[in-house]
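Asker: show me how the following folds:
(chains A, B and C)
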Amino acid sequence: MTAQTPIVQAKPYIPGRARSEVVRKVLLYAIMLAVAAVFFVPFLYTIVTAFKSIPDSVNVGLPHPWTTSAWHLVWTQYDFPTYIKNSLFLAAVVVSCNLFLSALGGYAFARLRFPGRELLFLLVLGTLMVPDQLRLIPIFVMIVHWGLFGSFWSYILINLASAVNLFFMRQYFLTIPRDFEEAAKLDGAGYFKTFWRVMLPLALPATAALAILQFQGVWNDFFWPLILFGQGNPDHYTIQLGLAELRFTYTTLWPEIAAGSIIAIIPVLIVFLAFQRFFVSGVVSAGVKG
Amino acid sequence: MATTTATEAAPNRLRASMLGARVREAGWGYAFAFVPTAVFGLFFIYPLGYAVYISFFHWGILGKTAPGTGTFNYAKVIHDPVFHTALKNIGEYTVAVVPLEMTLGLGLALLINQKIRGRNFFRSAFYFPSIASSVAIAVIVLYVFSQGGLFNHAFGFGTDWYGNAGTVGWGIVGMNTWTTSGTVMLFYLAALQAIPDDVYEAAALDDTGAWRTFWKITFPLLRPAHFFCLVVFGIGALKLFDQPFIVAAGASGAPNYSTMYPIIYIYNAAFGVSDFGIAAAAGVLYFILIFALTVVERFTVGRQQAA
Amino acid sequence: MTKRLAMVLGLAGLAVVLVAASAQAGRKTHKVTNVTFAGWSSGPDEDALDQQMANAFNRTHKGIHVEWQVINGNYPQAMTARFAAHNAPDVFYVDSSVIGSWIKQGVIAPLNGLIKKTHFNTKAFYPKLLGAFKKGNKIYGFPKDWSPLATEINNSLFARAGLHKAPKTWAQLRSDAKTLQQHGVAHPICLSADWARMGAFMYQNGGSITSHLSSKANAKAVGFYVGLIKSGLAYTPPSGSWCGQELGQSHAAIIFEGNWLLPYMPSTYPGTHFSVAPMVHNKKQGNLAFTVSWSIAKSNPHKAAAWKVLSWLVGKQGEKIWMSKGLALSPRKDVASKGGRKPFLAAAPFARGWGFGNPNFANAYTVMGNDLNAVISGSKSIPAMLSDVGKALKGK
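Answerer: Numbers count the residues shown, from 1 in each chain, chains lettered A, B, ... in the order given. Next comes the predicted model:
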């Protein structure tokens, strides 16, 4: 972004240019602030609504009176604490298993030579072509046959590894100089030790970016939890299923929905704010390879 | 390993130990790759075949219900006007939402790419809707756009945007444009920053206007990004499920099948009508359609892009 | 930077695992037979009442421990998934509109054997209601409660227009609506785009949903219903609302809802005064009975225990508790409904069980909803809708 500086310097001084530059800047900020406002207003409005009563929720404007009854209902009647725990549990297990196995596989495909490696790798890439809509019915039937329907294990199992993450890790391992492994070998480290003690720590930035995205993915996932364990299984509801449940009740509970939405957004928001840089680089690089 | 074997005297033993190392490496390779590959085989490759298998049977809640195999499920789906509506809806949705997402995303990226203070803040602000879950976004938008809601109040409309067959499709387009443009922006931003500075310097020396610079230089240089976004977000659009499911509070497609999309159709066939055979057949047909589209795209847009 | 990141990530991971572990811990163990009974809940009141039923049962029974499980949103889809997985609750709600499809799929257990063995008295139930859950001689569930539709009016809007009584006939309905409109109520009637409301009008006009769907009587009834909306005398509730809410907000002066409105109004709109009158009629009386059973899955491994719970729930004792809050009407002749339900009870002799035992009803109902919307918006003709629905009811 140092680019624009020489542009201005290269130009001869033209009177009035500075002023038009100021106008341009002001206009730019105005546009950006306006867009940001449009993007944020729905969320701010949601926060306000969460403090309304149900009859008051059809009125536009500030709550009258302010009440925390929606929060209370969401926390007791609708058992959001359980939903949060379930979502956190799934996120923890899926993120750790998936990243470990994807990294392990990625390392094998990047560095270890074994017959059929290219063929297997093609298979991994091929899975990127398989759309979820086709997997819905067979996977549901398979999970039912195995007696895993309605349990978290079904979800964990189908998310044990993902081709996107494996591919990403492989590409990252390819960029690490071989010297590190050679040094580890000289120290007498075995293959797993080399991977665990040397390569994985070196790939930490990539792992972190993927972990954050994977966390967001599991936390926000609605489709597979609904199919595999969410239908009619309230003690297994994740936060998203719990939120959807509020939408499905006969009377629309807007204040409760607002409170539930805020609860559903806050954890990803915290992760996002804390690891913004990884988020941005992760989205871009994970997307570019996929 | 070569360093250790160098000290060995006998060439035979050298070869044997090299072979041993090779075998050992391959063994570890298989061990490392086994679980991920097995997961992919079991949950991606095998279900493809299984879906085709199910699609040839009468398959109810408890499995096969009636004897007989055949293509009757395919015939039923192909002749079902509701499936046609689902395809029409997803076609219209994709054709509308992808260009909108890309235009808004590129616009945001161009704004962010200016040399101004607070770029990181604005980037986060624009990206923020992308981190929220589809369910949360859908319910928030439903509320803001409800008949007596904030939007109608502020702009003097009285339309029930998400309850009206004529507007709900556009409502879903708008909702997803809003939340996906932030992600599109990140891709364009990366592409913009990859354009070498001297390109702009040349344009500045020629005193080309900003508008012309964009259309003559920036836009064509972003061609790989355009192609990439078209493919990624196009395929993403075809998977639409969560938003119409939340908007219609179920998979009925109400009102008047305006929220009926292919995956909603598949879900409803399985869990609403209890006919898994129909659901599987619809899934296979839809996959074939998407696959054909991808191939066509590769040979038209993709070829242009390579040229 | 990397170190700090590793530490933060590690700590975050640890915290998550701890929370998750605590979520998994603390599961109760029982030596007695556990029976879950499940259903949806129309609101906090019903949820609390079901919980009260569980507590009452557990207090009086030693060998069986029951637990109430609420399943909200897309109940039929959720249950379909659970049937497929042989994972259904032990005893559960079945809406009369889906029982036909579930019996055909072979997932609901017939109860005749258990009834015989325990000498359970089926005569205490209103035959029409019990009939909704029968196929031939086999009984697949016992009604837990029921409700028909009634005419409900907003008292202050009526008083403002100088009206005092709810309309009784279609003609009065139309003229009252016109009067209300002249007195500032933009669209006086709230009508859902739902055959579960319009169906009553079809029967009032001498039509039927089970036979000759394309009859003149049906077409005229649909024409009247849709015509009220098109003329502006009526409107359909916007998404996210229902006619009860419209009445509470005083947007609508006349609605047609069931007994479920009665607990809803005072708890959500205590300031709105309303009256309940018997459902309007035209050529004859016509109404729909919405009823829900307690049933048992065919794959249930401990049917005897499940039956013990079921027969208690719909027995005299259980129904007495169930009726205490007035959430619905009693299905038993020997248990009275809560007071003030006369306008509803008046429909008992002629109300038709919604669903009509049709095995294709669940799918047909989807067609009904979508097509009626199309008719209201003018993109489909009434005969075309009646023919579509007729085909769907026949499973074509």
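Asker: show me what counts as buried in the helix or strand hosting C:Lys391.
Answerer: Secondary structure assignment for C:Lys391, by DSSP states H and E: helix C:382-393. For helix C:382-393, a neighbour-count test (16 or more other Cβ atoms under 10 Å in any protein chain shown) marks C:Ile382, C:Met385, C:Leu386, C:Asp388, C:Val389, C:Gly390, C:Ala392, C:Leu393 as buried. Using the backbone N, CA and C atoms, a C-beta is placed for each residue, glycine as well.
Asker: repeat for stretch A:52-67
Answerer: Neighbour counts using 16+ other Cβ under 10 Å place A:Lys52, A:Ser53, A:Ile54, A:Asp56, A:Ser57, A:Val58, A:Val60, A:Pro63, A:Thr67 of stretch A:52-67 among the buried residues.
Asker: roughly how far out does that stretch sit from the chain middle?
Answerer: Computed by Cα atoms, centre = their mean, to the nearest Å, the chain-centroid distance of stretch A:52-67 equals 33 Å.
Asker: so what's the residue count around residue 91?
Answerer: Defaulting to chain A. Number of residues near A:Ala91 (other Cβ atoms under 10 Å in any protein chain shown) recorded here: 24.
Asker: meant chain C, my bad for not saying
Answerer: Residues lying near C:Val91 (other Cβ under 10 Å) number 26.
Asker: I figured it hits C:Val35, correct?
Answerer: Yes - in terms of Cβ atoms under 8 Å, C:Val91 counts as a neighbour of C:Val35; the distance is 6.6 Å.
Asker: need the overlap of contacts for these two.
Answerer: The contact sets of C:Val91 and C:Val35 overlap at C:Ala306, C:Val309 (Cβ atoms under 8 Å, 6 or more residues apart in numbering or on different chains).
Asker: I'd like the distance between the spatially most central residue of chain A and chain B.
Answerer: Among the residues of chain A, the one closest to the centroid is A:Gln216, at 2.2 Å (Cα atoms, centre = their mean). Using Cβ to the nearest Cβ, to the nearest Å, A:Gln216 is found at 6 Å from chain B.
Asker: what of C:Val375?
Answerer: Per Cβ to the nearest Cβ, C:Val375 is found 9 Å from chain B.
Asker: helix/strand/coil for C:Gly369?
Answerer: helix (DSSP: H, G, I helix; E, B strand; the rest coil).
Asker: list the helices and strands the helix holding C:Lys391 packs on?
Answerer: Where contact means 3 or more Cβ pairs under 8 Å, 6 or more residues apart in numbering or on different chains; DSSP states H and E, helix C:382-393 is packed against helix C:216-230, helix C:361-377.
Asker: who touches the residue of the stretch 1-150 of chain B found nearest chain C in this structure?
Answerer: Nearest residue of the stretch 1-150 of chain B to chain C: B:Gln147, at 3.7 Å (Cβ to the nearest Cβ). With contact taken as Cβ under 8 Å, 6+ apart, B:Gln147 is in contact with B:Gly158, B:Thr159, B:Asp160, B:Gly163, C:Pro238, C:Ser239, C:Gly240, C:Ser241.
Asker: same deal with C:Ala351?
Answerer: C:Lys128, C:Pro148, C:Asn287, C:Leu288, C:Ala289.
Asker: as CSV, these with neighbour count, pLDDT and secondary structure would be great.
Answerer: Below are the contacts of C:Ala351 laid out as CSV (neighbours: other Cβ atoms under 10 Å in any protein chain shown; pLDDT from 0 to 100; DSSP: H, G, I helix; E, B strand; the rest coil):
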residue, neighbour count, pLDDT, secondary structure
C:Lys128, 18, 87, helix
C:Pro148, 26, 96, coil
C:Asn287, 26, 96, coil
C:Leu288, 28, 96, strand
C:Ala289, 26, 95, strand
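Asker: buried residues, stretch C:349-360. List them.
Answerer: For stretch C:349-360, burial by neighbour count (16+ other Cβ under 10 Å) applies to C:Phe350, C:Ala351, C:Arg352, C:Gly353, C:Trp354, C:Gly355, C:Phe356, C:Gly357, C:Asn358, C:Pro359, C:Asn360.
Asker: run the contact check for stretch B:64-71 versus chain A.
Answerer: No - shown here: stretch B:64-71 not in contact with chain A (Cβ under 8 Å from any Cβ of the partner chain), separated by at least 10.9 Å.
Asker: that stretch: which residues count as buried?
Answerer: For stretch B:64-71, a neighbour-count test (16+ other Cβ under 10 Å) marks B:Thr65 as buried.
Asker: just how off-centre is it within its chain?
Answerer: Centre to centre, stretch against its chain (Cα atoms, centre = their mean), the figure for stretch B:64-71 is 34 Å.
Asker: what lies in contact with stretch C:239-247?
Answerer: Residues contacting stretch C:239-247 (Cβ under 8 Å, 6+ apart): A:250-252, A:254, B:142-143, B:146-147, B:160, B:162-163, B:247, C:152, C:154, C:190-192, C:237, C:252-253, C:255-257, C:260-261, C:264-265, C:268-269, C:272, C:274.
Asker: residues contacting the residue sitting nearest the centre point of chain C?
Answerer: Centroid-nearest residue in chain C: C:Phe290, 5.6 Å away (criterion: Cα atoms, centre = their mean). Listed by Cβ under 8 Å, 6+ apart, the contact set of C:Phe290 reads C:Asp95, C:Ser96, C:Trp146, C:Ser147, C:Pro148, C:Ala196, C:Gly258, C:Trp354.
Asker: kindly report the same for B:Ile264.
Answerer: Each residue near B:Ile264 by Cβ under 8 Å, 6+ apart is listed here: B:Ala86, B:Phe241, B:Pro244, B:Phe245, B:Ala251, B:Gly253.
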